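# Build me a model:
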Amino acid sequence: MIVRAHGVEVNVEVHEPGPGGPTLVLVHGFGASLRTWDPVTPALGATHSWISVDLKGFGLSGRPRDGRYSIDDNADLLLAIIEQRELRRVVLIGHSYGGAVAITAAIRLRERGTAVAGLVLIDAASYAQRLPFFIEVLRHPITRWFSGLTSVERSSRLVLRALFVDKSRVDGAMVERYARPRRIADSDYAATQTALQILPRSFEMVTQAIQSIDVPTQIIWGGRDTAVPAAFAARMHRDIRGSRLEVLPNVGHMPHEECPSEVIRIIQAFLAELS
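Numbers count the residues shown, from 1 in each chain. Sure, this is the predicted structure:
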């Protein structure tokens, strides 16, 4: 469904099996959409309500030419959705760029009095790093121009294959799922603005937020992540007191799509302890 938040059309998907327990709020990464969670939501939905959100500029959400595509801007939209749905107790689940958005939102929710029951951070953008090639290429006019010469199907396949260890997972259906939203008008503008607004200051703010997290946190990481360094997993585990860490050794940047059964197992065990 499409809802409006801060003047932006935001695509959300809602699953409500009934009252009881926190609501899971799922936040995808850069260039993805809420469809990235399809391999895990059926199992998670058996016990919990959940809501997944297309971040601004991605999936079926709006792509306004307003220049507001920072981590803070997306966190504000996420907060607005949570407040519109009147969610009183949530578990934020964020992947990659969506992890940074979830961390930022968690701190703000705490300030507003909404109970954050827990966090699940999957290969989360968190500390200063060399940006992944698929983001860096959008930050410079020349490489951005050259990337525009490649079809969305080909570039989507190239990026996905770089992020997966098991390349057989990257089939035609997955490539099309990632390519389809990129054909929507102003997708290039939105992706470029999001890439340009990932600044050193953004990482500083997220790092500070990580160090102030005081809710139960499950960290999941692909041991062969080529986008966000696997070494960040141990650092985050140290920075978040009492956090749990599971590194999946032969997995890339997309654990929830590359080995969903393992991610389901880890998240379900974490949720069981929360209840």
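# All the helices of the stretch 101-250 of the chain, in order from the start?
Under the criterion DSSP state H, counting those that start in this stretch, helices of the stretch 101-250 of the chain are mapped to 133-136, 141-147, 152-163, 172-179, 187-196, 200-210, 231-239.
# Do me a favour and average the pLDDT over the longest one.
The one in question is helix 152-163. Averaged over helix 152-163, pLDDT sits at 95.
# by how many degrees do it and helix 187-196 diverge?
Angle, helix 152-163 to helix 187-196, by axes from the mean of the first three to the mean of the last three Cα atoms, to 10 degrees: 30 degrees.
# For helix 152-163, buried residues please.
For helix 152-163, burial by neighbour count (16 or more other Cβ atoms under 10 Å) applies to Val152, Glu153, Ser155, Ser156, Arg157, Val159, Leu160, Ala162, Leu163. Just so you know, the C-beta spots here come from the backbone N, C-alpha and C atoms, and that holds for glycine as well.
# repeat for the fourth one
Of all the residues in helix 172-179, those buried under the rule 16+ other Cβ under 10 Å are Met174, Val175, Arg177, Tyr178, Ala179.
# Give me the local confidence score for the fourth one.
Read it as Tyr178. For Tyr178, the model assigns a pLDDT of 97.
# from memory it sits against Leu163, does it?
No: checked against Cβ atoms under 8 Å, the pair Tyr178 and Leu163 is beyond contact range at 10.6 Å.
# Next up, the contacts around Glu273.
Pro216 (Cβ atoms under 8 Å, 6 or more residues apart in numbering).
# Which element, helix or strand, includes it?
According to DSSP states H and E, Glu273 maps onto helix 260-274.
# and if you look at Glu83?
helix 71-84.
# and that helix, how far out from the chain's middle?
13 Å (Cα atoms, centre = their mean, to the nearest Å).
# Tell me which residues are up against it.
With contacts defined as Cβ under 8 Å, 6+ apart, helix 71-84 is touched by 3, 5-6, 8, 10, 12, 25, 27, 51, 53, 55-56, 90, 97, 100-102, 104-105, 108-109, 112, 114, 197-198, 202, 205-206.
# if we go to 6 Å?
Contact with helix 71-84 is made by Ala5, His6, Val10, Val53, Leu55, Lys56, Ala100, Val101, Thr104, Ala105, Arg108, Ser202, as judged by Cβ atoms under 6 Å, 6 or more residues apart in numbering.
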